[in-house]
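Participant: A predicted structure for the sequence below; I have some questions about it.
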Amino acid sequence: MMTKDELTDLFRIGVRAADPVRAVQASLGSAPLPAHARLFVLGLGKAACAMTRAALAVLPTPAAALVVTNYENAADVAGAEIMTAGHPVPDENGLRAAQATEAMLAQAGRDDRVLVLVSGGGSALLPAPAYGLSLSDKAEVNRILLAGGMDIVAMNAVRQHLSRLKGGGLLRAAHPAPVTALILSDVIGDDLRAIASGPTVAPIAPRAHVVEMLRASGMWARLPDTVQTVLMRAETETDLPAMSAGNRLIGSNRQSLEAMAQARSEARIISTALVGDVADAAEVILRAMRNTPGPLALFGGETTVTLTGTGLGGRNQDLALRVALALDGQEGWRFLSAGTDGRDGPTDAAGAIVDGHTCARIRAAGGDPEALLANNDSNRALALAGDLLVTGGTGTNVADLQILSLAR
């Protein structure tokens, strides 16, 4: 059975496989941008600083370069303006960043080139409310969708119709300049329409379908009236400009899993789509423990949590605590679940590493693991156990990775 340090090292191998610097420079080296009059660069998402720094190191000096990232991943990038914004709930800084983005893109002409560097988190970081909506309306929608446990693809389908820049809107803002997008995927299955809500691709679903989905989920009645009004408008022209984007996928969760499997010959990739509610995902982990013949099982995906309590945590911490409770007191296993961006929910932890004694450590520290889980307070529970995995911001984001180590 692997130690905590060994599990952490293997997790870091997966994170390094999604290194945005290497991915961007490899893409631009193998398929360089055509020469144009002027170059405009936009970096968007949790990996935006690293991606933009890598691009500017190998490209001609741009006419303008703008980076929009979350507060935790902000860093200086020579030759670029850095703007930070809230994630996962949009804020006023994100609104200002969206306005700055539109202003920059408005300068680009037919003979210019726009390079967009997209990574996870971009959807919340660049809120440009559709006409008739306020930023507070969009923030409330995000809170409702997150609390309702809606998966990332469905969430982005909704967000696209509430924004001027999502669902291909960035192409319209840049028109008539041609656009190239290098995309680091945090979406399982790598649907480009869902990554950062698809600023350079067509929408996921028509507006009428989004309304149906919200009604079926029970969330429609909780939406602000202004949001309902926008979503009930007749579908407007959504065709992309004739000069659409050249979209290139340069990194993904699957590639990270493959790198981890190559690093440990005994590892087996069990699932590249660990999605859905954390309770169901925990069952997948438990089945793998019973049925996997080898000592090391790998999983990748992005689960969801339905919030019913008032505690603090994230999907990885919740999943880890559920596994720890199900296997309380059993020897011979250790489990890691963590976000590749280094942040799990609104906490400073990437996730956690648990074992058969996690719950005993929580109880010894005065906590009740069952009650804490019921209150969505996995962060406090795992802090009491000393089992939180804190990595700091990684500069990349390709969803979550899980490692199950068994004493076989």
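Facilitator: Sure thing, it's come through.

Participant: hmm, I183 is touching I195, no?
Facilitator: Yes. The criterion here is C-beta atoms under 8 Å, and I183 meets it with I195 at 5.7 Å. Every C-beta, even on glycine, is put in place using the N, C-alpha and C of the backbone.

Participant: joint contacts of those two?
Facilitator: Residues touching both I183 and I195 by C-beta atoms under 8 Å, 6 or more residues apart in numbering: 118-119.

Participant: do you have the helices of the stretch 301-408 of the chain handy? List them.
Facilitator: With DSSP state H, counting those that start in this stretch as the criterion, the stretch 301-408 of the chain has helices at 315-326, 358-364, 369-374, 378-385.

Participant: which outside residues touch the second one?
Facilitator: Residues from elsewhere that reach helix 358-364, judged by C-beta under 8 Å, 6+ apart: 321, 324-325, 328-329, 368-369, 372, 381-382, 384-387.

Participant: repeat that with 7 Å
Facilitator: For helix 358-364, contacts defined as C-beta atoms under 7 Å, 6 or more residues apart in numbering pick out 324-325, 328, 369, 381, 384-387.

Participant: got these as JSON lines, with neighbour count and distance to P206 columns?
Facilitator: Conversion of these to JSON lines gives the following (neighbours: other C-beta atoms under 10 Å; distance: C-beta to C-beta, whole Å):
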{"residue": "A324", "neighbour count": "30", "distance to P206": "43"}
{"residue": "L325", "neighbour count": "18", "distance to P206": "42"}
{"residue": "D328", "neighbour count": "16", "distance to P206": "47"}
{"residue": "P369", "neighbour count": "24", "distance to P206": "45"}
{"residue": "A381", "neighbour count": "33", "distance to P206": "42"}
{"residue": "L384", "neighbour count": "20", "distance to P206": "48"}
{"residue": "A385", "neighbour count": "26", "distance to P206": "47"}
{"residue": "G386", "neighbour count": "13", "distance to P206": "49"}
{"residue": "D387", "neighbour count": "26", "distance to P206": "45"}
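
Participant: would you reformat the residues you listed as CSV and include pLDDT and distance to Q228?
Facilitator: Below are the contacts of helix 358-364 laid out as CSV (pLDDT from 0 to 100; distance: C-beta to C-beta, whole Å):
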residue, pLDDT, distance to Q228
A324, 98, 41
L325, 98, 40
D328, 98, 45
P369, 98, 40
A381, 98, 38
L384, 98, 43
A385, 98, 44
G386, 98, 46
D387, 98, 43
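
Participant: save the helices of the stretch 301-408 of the chain as TSV, and put in distance to R264 too.
Facilitator: Rendered in TSV, the data for the helices of the stretch 301-408 of the chain read as follows (distance: least, C-beta to C-beta, whole Å):
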stretch	distance to R264
helix 315-326	20
helix 358-364	23
helix 369-374	30
helix 378-385	25
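
Participant: closest one to D225 among these?
Facilitator: Of all the helices of the stretch 301-408 of the chain, helix 315-326 sits nearest to D225, with 30.6 Å by C-beta to C-beta.

Participant: flag the shaky bits of the stretch 1-150 of the chain, pLDDT-wise.
Facilitator: For the stretch 1-150 of the chain, no stretch is flagged by pLDDT under 70.

Participant: strands of that one, residue ranges please.
Facilitator: With DSSP state E, counting those that start in this stretch as the criterion, the stretch 1-150 of the chain has strands at 39-44, 64-70, 81-85, 113-118.

Participant: now tabulate those in a markdown table and tack on distance to P346 and mean neighbour count.
Facilitator: Converted to a markdown table, the strands of the stretch 1-150 of the chain look like this (distance: least, C-beta to C-beta, whole Å; neighbours: other C-beta atoms under 10 Å):
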| stretch | distance to P346 | mean neighbour count |
| --- | --- | --- |
| strand 39-44 | 21 | 27 |
| strand 64-70 | 12 | 25 |
| strand 81-85 | 15 | 19 |
| strand 113-118 | 23 | 27 |
